[in-house]
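*Asks:* sequence unknown, structure follows:
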């Protein structure tokens, strides 16, 4: 399992409330929702780092 790296995030209050509501609607934590959003954005942009399995092919 990948290790998690903590960091501080300053975000506009309205954006944070929207993320919290979205997370609640999808039964995720706010942190989980932010992680999912970042992962999805990286994937769509073709910038998601390759996994160890993909590197070995």
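*Replies:* Now that the structure is in, tell me what you want to look at. Note that this is a predicted model, so its numbers are computed, not measured.
*Asks:* let me know the secondary structure of residue 41.
*Replies:* helix (DSSP: H, G, I helix; E, B strand; the rest coil).
*Asks:* count the neighbours of it for me.
*Replies:* Here the number of neighbours of residue 41 (other C-beta atoms under 10 Å) works out to 11. For the C-beta atoms, the positions are set from N, CA and C on the backbone; glycine is no exception.
*Asks:* the one 5 residues further on now?
*Replies:* Counted with other C-beta under 10 Å, the neighbours of residue 46 add up to 6.
*Asks:* quick check: residue 13 vs residue 26, distance?
*Replies:* Counting by C-beta to C-beta, to the nearest Å, the gap from residue 13 to residue 26 is 21 Å.
*Asks:* those two - which one has more neighbours?
*Replies:* residue 26 (10 against 7).
*Asks:* and the nearest residue to that one once chain neighbours are set aside, which helix or strand is it part of?
*Replies:* Excluding its sequence neighbours, the residue lying closest to residue 26 (C-beta to C-beta, 6 or more residues apart in numbering) is residue 33, at 6.9 Å. Using DSSP states H and E, residue 33 sits within helix 30-44.
*Asks:* quick check: buried residues in that helix?
*Replies:* 33-34 (16 or more other C-beta atoms under 10 Å).
*Asks:* same for that helix, what does it pack against?
*Replies:* helix 13-25 (3 or more C-beta pairs under 8 Å, 6 or more residues apart in numbering; DSSP states H and E).
*Asks:* give the other helices and strands that the helix it packs on contacts.
*Replies:* Identification of packing neighbours for helix 13-25 by 3+ C-beta pairs under 8 Å, 6+ apart yields helix 30-44.
*Asks:* tell me the mean pLDDT for the helix it packs on?
*Replies:* For helix 30-44, mean pLDDT is 96.
*Asks:* what angle do it and helix 13-25 make?
*Replies:* 100 degrees (axes from the mean of the first three to the mean of the last three C-alpha atoms, to 10 degrees).
*Asks:* just how off-centre is the helix holding residue 33 within its chain?
*Replies:* 2 Å (C-alpha atoms, centre = their mean, to the nearest Å).
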